[in-house]
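Student: Predicted model follows, preceded by the sequence.
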Amino acid sequence: MEDRDSVKARIEKLRAEINHHNYRYYVLDSPETSDAAYDELMQELRRLEEQYPEFLTPDSPTQRVGATPLGAFGIVEHPLPLLSLGNVFSRDELLAWYTRTLRLAGQNQLDFVGEHKIDGLAVALTYVNGQLTTGATRGDGFHGENITQNLRTIRSIPLSVSRDTPPRFEVRGEVFLPRAGFNKLNQERAAEGLPLFANPRNAAAGSVRQLDPKVTAKRPLDIYIYALGYAEGKATPPTHWEAMEYLQSLGFKINPNNRRLNSTGQVEDYYDTWVERRESLPYEADGIVVKVNSLDLQERLGNVGHEPRWAVAYKFPAVEGTTRLREIGISVGRTGTLNPYAILEPISVGGVTIRQAALHNEDDIRRKDIREGDTVIVRRAGQVIPEVVEPIKSQRTGNEKEFSLLDKIFDKEKQRPACPVCGGEVIKPEGEVMYYCSNAACPAQVQARLEHFTSRSVMDIRGVGESQSTTLLREGLVKDVADLYYLTKEQLVRLDRMGDKSAGNIIKAISSSKQRPLYRLIYALGIRHIGGETAQLLAEHFHSIDDLASASLEELMSVPSVGPKIAESIVAFFRQPENRDIIEKLRRAGVQLAGEAARPKTLPLSGQEFVITGRLEAFSREEAEAQVRALGAATKDNVTRKTSYVVVGADPGSKLVRAQELNIKQLTEEEFLRLLKQVSSK
Ligand code: IVH
């Protein structure tokens, strides 16, 4: 056995190194190491922690996603209420706020800090003795939801900070989904037939309120800290700006676009700069926030109701415009979805000409009562695809036409609704909002599948974009995605405008795509309702296409976030002979159909539930829970009939009474330690 002291030292060194790389990557956006080298460090740490669970601590970087799904969120009381902000919409309103603030402060000049008002959701993070103990939503300002387990999955939130901090402090910030992540998530949801998030704010809120932290962990959430809530037991800086610098030095992520401003002119310049450049930001901001810099003065100015007198939001003008909706068109997606979209009278919104806009699905169109011929509001809220927000009903002339998808695609000759591209039969599975073209060989579907398969975030086959997909299909060189792997350079060179070099590059790209990780391949197959996120969860569970293909509905539904709809879609996919053919063709071509070696599915305490009550001597509650979880068991806050063991420390609470009532096995700390030792040496 390796010497325990040196193992412990190695574990600590690995953690420090990984935390450093996390910080470089997620907080500073400036990585120092390759993904592969980082993965190696993580793997070594995981292996050591599995072998030596006694060294596992809750702030280990391996423990970001450790917890089991929660039944519901607990409520957290905010010691200091979380306020909202008053808004101003014009220069005049800003000036009025400014003069009033100077007057109330009794000064003729003030220092301010300008920040972006990011469109996400406010959270409060509490650190006790340097450890993140609680993360909560704003809620009603006085009580929020306890979403600690989910916030722990956000890599730019430190799980622990140096010990040299106030023994107890709270920071506040905005959790958000960067534009790129938001667009990708919605594209995936559209492909899965799931309702779309209206904006990044809703998407971020939906993501942190997932009961299963594994789902949250897959969403690329980020945070900017914008306030030190309170700090006990140690002096903190006297101004907001310095407080932010201090928090930054502790490893918190602070927006680099924050500025010190000391006149209305500077506030206006800051605003003007960002009105112009907001589209270039990686996140969505709906305005700037102007804050009085002196914390002492902030306190003196105080609040009116829920709003502080010392800060204000100066909102950006909306990127919206009105135009006429000429017609609703229908396009066919890769899983056969018939997608309605708006054909608009061209309009310029914030400098970009918009001709088409998303309309999601028929239910959505009906709910918003959007009709052909309507004057509509269109918004380009950072999304790649602009969307129709709502019709302006007061401008109706009576000639507008209500939309019915089935009428639109009704084929007079066939006397039935038909796919607008191939004339194939149209179906609407029960309980779904989308209509589908049922012909898997529909050219629009095949083309879209090929584009999806080869795209960057999927199999990443460079050189086969939209136009090459069209050519390959037209020339009959490929009929399905697996045919790509049988293309020869000679076949490609014969195509129009294809040089020797590009043909060679395409063949090379196709060949190296054979080694993509399993989740990418699962995503690439274009199974209805399977987006990238679900594909990852499936790959983690099944480890090979064959295991996935032979899984039962029950087994599929045991994967987090897989419900009956997704499970049935997977079973149906692999039941189709055409799809099985594709898998076999991929196999023969040497495409990797399995993931890395499976981790042991059952850990020594799998299936057991632990409740800990009272104070333990050897470790904190969190540490004890982390160890139990690392061994495969779940930890719960309440004793129920399902509880396997109640660990009883000093001064136990009502949980012990409940355990006695329900006759649940109780363990003293000593017995608990013995059990841990026993099972971890297995
Ligand atoms: S300061 C009293 N700073 O805006 C100060 N808030 O309506 C309150 N927000 O709930 C927060 N960016 O979610 C502050 N740089 C920023 C912000 C910001 C976004 C949000 C926050 C808050 C809402 C206020």
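Tutor: Perfect, thanks for sending it.
Student: which residues touch Val65?
Tutor: 152-153, 213-214, 217 (Cβ atoms under 8 Å, 6 or more residues apart in numbering). Glycine gets a C-beta too; all of them are placed from N, C-alpha and C.
Student: so is it in a helix, a strand, or just coil?
Tutor: coil (DSSP: H, G, I helix; E, B strand; the rest coil).
Student: gap between it and Asn108?
Tutor: Val65 is 53 Å from Asn108, where distance means Cβ to Cβ, to the nearest Å.
Student: how about the closest residue to the ligand within the chain, what does it touch?
Tutor: Closest residue of the chain to the ligand, Cβ to the nearest ligand atom: Ala122 (3.3 Å). For Ala122, the contact set (Cβ under 8 Å, 6+ apart) comprises 82, 137-138, 172-175.
Student: repeat for Ser84
Tutor: 141, 306-307.
Student: Could you confirm it falls within a strand?
Tutor: No: the assignment for Ser84 by three-state DSSP gives coil, which leaves it out of any strand.
Student: So for it, what pLDDT did the model give?
Tutor: With respect to pLDDT, Ser84 has a value of 91.
Student: Can you give me the distance of it to Ala105?
Tutor: Taking Cβ to Cβ, one finds Ser84 at 22 Å from Ala105.
Student: Please apply the same query to Thr353.
Tutor: 47 Å.
Student: out of these two, which sits in the more crowded spot?
Tutor: Ranked by neighbour count (other Cβ atoms under 10 Å), Thr353 and Ala105 place Ala105 first, with 17 against 9.
Student: element containing the nearest residue to the more buried one once chain neighbours are set aside?
Tutor: Using Cβ to Cβ, 6 or more residues apart in numbering and skipping residues adjacent in sequence, the residue nearest Ala105 is Leu297, 5.8 Å away. According to DSSP states H and E, Leu297 maps onto helix 295-301.
Student: Residues touching the helix or strand following that helix, excluding its own?
Tutor: The helix or strand immediately downstream of helix 295-301 is strand 303-304, counting by DSSP H and E. With contacts defined as Cβ under 8 Å, 6+ apart, strand 303-304 is touched by 83, 309.
Student: Would you list the strands that whatever helix or strand comes next after strand 303-304 pairs with, along with their directions?
Tutor: With elements assigned by DSSP H and E, the helix or strand that comes after strand 303-304 is strand 307-308. Strand 307-308 has its sheet partners listed here by DSSP bridges as strand 303-304 (antiparallel).
Student: The strand it pairs with near the ligand at all?
Tutor: No: judged by Cβ under 6 Å from any ligand atom, strand 303-304 stays clear of the ligand, getting no closer than 8.0 Å.
Student: quick revisit: and the helix holding Leu297, is it in reach of the ligand?
Tutor: No: Helix 295-301 is not in contact with the ligand by Cβ under 6 Å from any ligand atom; minimum separation 9.0 Å.
Student: Going by neighbour count, list what's buried in that helix.
Tutor: 295, 297-298, 301 (16 or more other Cβ atoms under 10 Å).
Student: Get me the contact residues on this protein for the ligand.
Tutor: So far as Cβ under 6 Å from any ligand atom goes, the chain lies against the ligand at 83-85, 115, 117-118, 121-122, 138, 174, 226-227, 289, 308, 311.
Student: now, which of the residues you listed lie within strands?
Tutor: 115, 117-118, 121-122, 174, 226-227, 289, 308, 311 (DSSP state E).
Student: biggest helix in the chain by residues?
Tutor: Counting residues, the longest helix in the chain under DSSP state H turns out to be helix 4-22.
Student: List of residues touching it?
Tutor: 31-33, 38, 41-42, 44-45, 48-49, 51-52, 55, 60-61, 155, 158.
Student: Show me just the buried residues among these.
Tutor: 33, 38, 41, 45, 48-49, 52, 55, 60-61, 155, 158.
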